[in-house]
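Asker: Predicted model and sequence follow; I will ask about them next.
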Amino acid sequence: MTLPTYDQLPIEPTYPAHSAWGLWGKDDNLGTLNLLTEERVANASKCITRGAVFPLNWKLESPSPPLFNRSGLEHQFKPLVEGDLAFDDTYNNFNTQSSTQWDGLRHVAHLGSGKFYNNVTSSEIVPGPEQTDRLGIHHAARRGIAGRAVLLDYGRWAKVHNKEFDPFARYEITVQELEKVAEYQKVTFQEGDILLVRTGWMEKYEVEGDRMKDIMNLAEPTCAGVKACEDTFRWIWNHHFAAVASDNFPFEAFPPTDWESSCHCMFLGGWGMPIGEMFYLEKLAKDSDEDKVYEYFFTSAPLNKEKGVASPPNALCIK
């Protein structure tokens, strides 16, 4: 199908401005993941030339303590027999959004309309007589996520071109800067790409982690990220990415100046586009800086949890 441009959205005047509601059908639960067609997945496999594998999940224990007062993971061993020769283990207080994660389509609504992606109401999300399985993370899990990913390593580019840049400070990365990074790396985009943006946030955290509580308010942290604005929304949509992800905790500059005009609101609630957060990009970025290859075959297997909100991505990039 030929997709409308950002300025041609929505497809029905009753839908929120520039939303993609109804584009893949009124009952759709996948949003922009629909762009990962069999043809595109097969074409993405051509990115595999070396067989080098780069896992993108950070440690489940990180960050520690978790941001936003989220619960920390408690890991317990369960002996199966006497003699400590066989075990199960259990996780208590496992918050799927405490470490590397996909924000699923139940995470944030399109706040201006008061509804979630594709006109789904909050009563269809929360437990109760009207609850359904609409937009649950299991829809993405049962489909699977695979395709071509491209990396824009803003963090490395900034060390040369934006020496005042600090990934821990609130800074809005513009699409003009992202275009410059793409040109610098000789990256071209294809419809259905998964866009990975490295800010250097995780690199700095790995150095400063033990002092994080002294550096910032972990309940209300700040960071650099992509600027939430019309230019960004138009650029992201018109490239028709299937998903976006970053090494920081919100993808966008945080905190938002206005949640109603945030990337979370537009991407999740408006387009049904998953947002990846705290993706571990360090080894991948280092390798790409060495061989100058910034395109990969990408796979992700979210948790197959009925009605789930979010999930660790269990993601890999393969070169």
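Answerer: Thanks, I have it.
Asker: Buried residues of the helix or strand of the chain with the lowest mean pLDDT, list them for me.
Answerer: Using mean pLDDT, DSSP states H and E, the weakest-scoring helix or strand in the chain turns out to be helix 212-215, at a mean of 82. Residues of helix 212-215 classed as buried by neighbour count (16 or more other CB atoms under 10 Å): residue 212. In this view, the C-beta of every residue, glycine as well, is placed from N, C-alpha and C.
Asker: Equivalent analysis for stretch 169-187, please.
Answerer: Neighbour-count burial for stretch 169-187 [16+ other CB under 10 Å]: 171, 173, 175, 177-178, 180-182, 185, 187.
Asker: Output those residues in TSV; the columns should cover secondary structure, pLDDT and distance to residue 155.
Answerer: Shown next, in TSV, are the buried residues of stretch 169-187 (DSSP: H, G, I helix; E, B strand; the rest coil; pLDDT from 0 to 100; distance: CB to CB, whole Å):
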residue	secondary structure	pLDDT	distance to residue 155
171	coil	97	12
173	strand	98	10
175	helix	98	17
177	helix	97	12
178	helix	98	12
180	helix	97	14
181	helix	98	10
182	helix	98	14
185	helix	98	12
187	coil	97	15
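Asker: hey, where'd the strands end up in the stretch 1-150 of the chain?
Answerer: Taking DSSP state E, counting those that start in this stretch as the criterion, the stretch 1-150 of the chain contains strands spanning 53-55, 74-79, 87-92, 101-103, 145-153.
Asker: Buried deepest among the ones you listed, which one?
Answerer: strand 101-103 (a mean of 27; mean count of other CB atoms under 10 Å).
Asker: Please give the element, helix or strand, for the residue minimising distance to the centre of the chain.
Answerer: Centroid-nearest residue in the chain, with CA atoms, centre = their mean: residue 276, separated by 1.3 Å. Using DSSP states H and E, residue 276 sits within strand 275-277.
Asker: tell me what the next helix-or-strand element following that strand is packed against?
Answerer: Later in the chain than strand 275-277, the nearest helix or strand by DSSP H and E is helix 282-291. If contacts are counted by 3 or more CB pairs under 8 Å, 6 or more residues apart in numbering; DSSP states H and E, helix 282-291 sits against strand 53-55, strand 145-153, helix 154-161, helix 201-208.
Asker: what does helix 282-291 contact?
Answerer: Residues external to helix 282-291 that are found in contact with it (CB atoms under 8 Å, 6 or more residues apart in numbering): 52, 54, 56, 151, 153, 155-156, 185, 196, 198, 202-203, 206, 247, 294, 296, 317, 319.
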